[in-house]
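Enquirer: sequence unknown, structure follows:
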């Protein structure tokens, strides 16, 4: 598409929980969301896997959606993850997102039984018809257990007019070009695999969906600016320094790693919700060292 509704750095906030009660901490969520906007994020995407959406009660999901979108207050576009095990549940969440002013919705095929092509078409078509919002298909085989290759994605989009975006998280860089070519440029493609961010931008990704700005917003923005601004050497240098961090948060799981990092930065968001456990002490120390190194590096400072 010539003018996608989202582009650039699309930041994924965690869902904070109160350290004492374990309930959703909406005050902390609003604070974190505002920090992401003020840091320069080009978009905010609540209720993805980083936001532990699968572990929220529906009343909590609604509150997180409403609080995040009210805090953003349309200063930047918003992308709400509405995935649910059932089509009915996904439709309900899509309508809540629309009522609260979301820019777009994102749908992962969150399934127990592998869906047939006919079931995928029915699911996505039903969700798309529930609102007028543009929809992003989220392909993340590592999380969902379902891999949707470019041919399947493009075939779905041809049947669903408001399926206009694809978040590709398989880590297969060739897919960015393939999806664009097969769709004749009708589909905008976004990267959801942190370590390949630079390759993704070079392969035509219009955005990077990432939780990294929760901890190191200036680094994510600097990589985007260099990659899209033709500063190849600077982009390579930034990625070389940032890559250990990106590999760490993916390797140890985004909710537990990001929440551990926020705790290290004295920004209380509570613990992950069971069955997730906090990052072990050994790994938390490793993360602390990585963050300290990035914080003291001049690469993205005012004189860089």
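Expert: Happy to help now that I have it. What you see is a predicted model; the values in this text were computed from it and never measured.

Enquirer: residue ranges with poor pLDDT in the protein?
Expert: Scanning the chain for pLDDT under 70 picks out 1-2, 111-112, 301-304.

Enquirer: okay, which residue is most central for the chain?
Expert: Against the mean C-alpha coordinate of the chain, by C-alpha atoms, centre = their mean, the closest residue is residue 209 at 4.1 Å.

Enquirer: that residue and residue 189 touch, don't they?
Expert: No: Residue 209 is not in contact with residue 189 according to C-beta atoms under 8 Å; the separation is 10.9 Å. Where C-beta positions appear, they are placed from N, C-alpha and C, glycine not excepted.

Enquirer: hang on, the earlier thing: which residues touch the residue nearest to the centre of the chain?
Expert: Neighbouring residues of residue 209 by C-beta atoms under 8 Å, 6 or more residues apart in numbering: 10, 12, 45, 48, 79, 167, 190-192.

Enquirer: all helices of the chain, in order?
Expert: Along the chain, the segments classed as helices by DSSP state H run 26-38, 58-72, 87-99, 117-129, 141-144, 150-159, 174-182, 197-202, 217-228, 232-251, 254-264, 281-295.

Enquirer: can you list contacts of the shortest one?
Expert: Put plainly, it is helix 141-144. In contact with helix 141-144 (C-beta under 8 Å, 6+ apart) are residues 49, 108-111, 147, 169-170.

Enquirer: again, only this time at 7 Å
Expert: 49, 108-111, 147, 170 (C-beta atoms under 7 Å, 6 or more residues apart in numbering).

Enquirer: buried residues in that helix?
Expert: 143-144 (16 or more other C-beta atoms under 10 Å).

Enquirer: run the chain-centre distance for it.
Expert: Centre-to-centre, helix 141-144 and its host chain are 14 Å apart (C-alpha atoms, centre = their mean, to the nearest Å).

Enquirer: and residue 127, how far is that from residue 162?
Expert: Counting by C-beta to C-beta, to the nearest Å, the gap from residue 127 to residue 162 is 10 Å.

Enquirer: any common contacting residues for these two?
Expert: Common neighbours of residue 127 and residue 162 are listed as residue 135 (criterion: C-beta under 7 Å, 6+ apart).

Enquirer: out of these two, which sits in the busier spot?
Expert: More crowded of residue 127 and residue 162, by other C-beta atoms under 10 Å: residue 127, with 26 against 17.

Enquirer: so what's the more buried one closest to, chain neighbours aside?
Expert: residue 90 (5.0 Å; C-beta to C-beta, 6 or more residues apart in numbering).

Enquirer: picking up where we left off before, any figure for the gap between the residue nearest to the centre of the chain and residue 233?
Expert: Residue 209 is 26 Å from residue 233, by C-beta to C-beta.

Enquirer: now do residue 261
Expert: Counting by C-beta to C-beta, the gap from residue 261 to residue 233 is 28 Å.

Enquirer: those two: who's more crowded?
Expert: Each of residue 261 and residue 233 has its neighbours counted (other C-beta under 10 Å); residue 261 has more, 26 against 8.

Enquirer: how many residues are close by the closest residue to that one other than its chain neighbours?
Expert: Excluding the flanking residues, the one nearest residue 261 by C-beta to C-beta, 6+ apart is residue 215, at 4.3 Å. Look at residue 215: counted by other C-beta under 10 Å, it has 23 neighbours.

Enquirer: also residue 203?
Expert: Per other C-beta under 10 Å, the neighbour tally for residue 203 reads 18.

Enquirer: shouldn't it be in contact with residue 177?
Expert: Yes: when contacts are counted by C-beta atoms under 7 Å, residue 203 is listed as touching residue 177 (5.6 Å).

Enquirer: wait, what's in contact with residue 109?
Expert: The neighbours of residue 109, taking C-beta under 7 Å, 6+ apart as the test, are 115, 120, 144, 146, 148.

Enquirer: do the same with residue 10
Expert: Applying C-beta under 7 Å, 6+ apart to residue 10 gives the contacts 42-43, 45, 79, 207-209.

Enquirer: much appreciated, bye for now.
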